[in-house]
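> turn this into a structure:
(one chain, ligands or ions: 1)
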Amino acid sequence: MKKYLFAASLVIGAFLFTACGQTTQESDSDELNVVATFYPMYEFTKEVVGDTGNVELLIPAGTEPHDFEPSAQQSAKIADADVFVYNSSDMEFFVDSLKNTIDTDQTLMIEAAKGIERLESQEDHDEEHEESEGHHHDHAYDPHVWLDPTLAIQEVQTIAKELGEKYPDKKDTFEKNAAAYVQKLEALDQAYTEALKGAANRTFVTQHAAFAYLANRYDLEQVAISGVSPDQEPTPSRLAELKDFVEQNNVEVIYFEENASSKVAETLSKETGVKLEVLNPLESLTNDQIKAGENYVSIMEKNLEALKESIK
Ligand code: ZN
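Residues are numbered from 1 along each chain as shown. Purely as a prediction, here's the structure:
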């Protein structure tokens, strides 16, 4: 029974999604024109805005948002928007320079992660970037706050508050919409709390160190392994190191951010004896995932199922 209801709500959701897409063409002057950077910012904003406006995703589905730089056209889209929502300038680096070029009276810029205390970054981004593009950003702080449902609630409330200050006539609607969505996030937090409490093993090993806030919330320990990419064959020496690490720490599962290509997965599993699972950092959903009705809550539920392979 539950399953059918869920499927039905997906169908309705997909229909609404299409319907909203069509209304963007007609420009209703009263309708807010909102741009949000990457997937969770888009969903959080869309839930708050509801039918008071149209929300567009800036960073295309399936695109890596770390170090994303908008094209001239994308920057123009932000400048034309009434509202622009982003996580923080330690995630969307381009926002700092964007602030100098756009009229912030015209476009309300909302930093969803404002006021959230940051953890120091565990990711060795600088090294990766020097190798790949010669970029050198300050990655001292970890931007992945949206992966803790409780901090996600804080982001939703910040978006609602700042929207309400700028558009007082719609304030009640934003607050009502936010409250309805926050209930779902609270249920998610409850599910995590229930599922993870009392587990003897509280450590998990991940390739993308995106889960520090989540680990903090539920009293888990994230161990990050660097130098292993889901689409790149690890070097023999790296494999040997990994094998040692896995043996010394009795690791059963290593988490990747997406389905590792079968060849790499096979090599890793064969050489180290571990299982590879997906822990999705929700930095972007693919078009297929969006079409299938996946969203922040559904992916976070899948992440919880995957985590339970280690936390038990
Ligand atoms: Zn990340």
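> least trustworthy helix or strand in the protein by mean pLDDT?
For the chain, using mean pLDDT, DSSP states H and E, the weakest element among its helices and strands is helix 125-132, scoring a mean of 42.
> how is the chain divided into domains?
Recorded structural domains for the chain (assignment: automatic domain parsing) are 2-20+31-112+139-185, 201-307.
> columns distance to residue 194, mean neighbour count and mean pLDDT on top of the ones you listed, output as CSV?
To be clear about C-beta, it is placed using only N, CA and C from the backbone, and glycine gets the same treatment. What follows is these, written out as CSV (distance: least, CB to CB, whole Å; neighbours: other CB atoms under 10 Å; pLDDT from 0 to 100):
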stretch, distance to residue 194, mean neighbour count, mean pLDDT
domain 2-20+31-112+139-185, 13, 18, 89
domain 201-307, 10, 17, 87
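> switch the ones you listed over to TSV; also include distance to residue 191.
Shown next, in TSV, are those (distance: least, CB to CB, whole Å):
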stretch	distance to residue 191
domain 2-20+31-112+139-185	9
domain 201-307	6
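> quick one: closest of the ones you listed to residue 193.
domain 201-307 (6.8 Å; CB to CB).
> what is the distance between the closest one and the centre of its chain?
Computed by CA atoms, centre = their mean, to the nearest Å, the chain-centroid distance of domain 201-307 equals 15 Å.
> one more: stretch 147-157?
Relative to the chain's own centre, stretch 147-157 is displaced by 11 Å; criterion: CA atoms, centre = their mean.
> export that stretch to CSV, keeping only CA atoms.
Once non-C-alpha atoms are left out, stretch 147-157 reads as follows in CSV (Å, rounded to 0.1, in the frame of the first residue of the first chain):
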residue,chain,number,x,y,z
LEU,A,147,24.5,16.6,4.1
ASP,A,148,23.5,16.9,7.7
PRO,A,149,19.6,17.1,7.7
THR,A,150,19.6,19.4,10.7
LEU,A,151,21.9,21.9,9.0
ALA,A,152,19.8,21.4,5.9
ILE,A,153,16.8,22.6,7.9
GLN,A,154,18.9,25.7,9.0
GLU,A,155,19.6,26.4,5.3
VAL,A,156,15.9,26.1,4.4
GLN,A,157,15.0,28.5,7.2
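> use 10 as the first number for this chain going forward.
Taking 10 as the first residue, the last one we looked at is stretch 156-166.
> surely residue 228 is within a helix?
No. Residue state for residue 228 (DSSP: H, G, I helix; E, B strand; the rest coil) corresponds to coil; a helix is not indicated.
> excluding its backbone neighbours, what's nearest it?
Take residue 228 and drop its neighbours on the chain: the residue closest to it by CB to CB, 6 or more residues apart in numbering is residue 211, 6.4 Å away.
> ok, now residue 266?
Per CB to CB, 6+ apart, closest to residue 266 is residue 217, 4.6 Å.
> is it true that that neighbour touches residue 263?
No. Using CB atoms under 8 Å, residue 217 is not in contact with residue 263; the gap is 11.0 Å.
> thinking again about what came up before, show me what the following helix or strand past the least confident helix or strand of the chain is packed against.
Later in the chain than helix 134-141, the nearest helix or strand by DSSP states H and E is helix 158-175. Applying 3 or more CB pairs under 8 Å, 6 or more residues apart in numbering; DSSP states H and E, one finds that helix 158-175 makes contact with helix 48-58, strand 92-95, strand 117-120, helix 180-205, helix 221-226.
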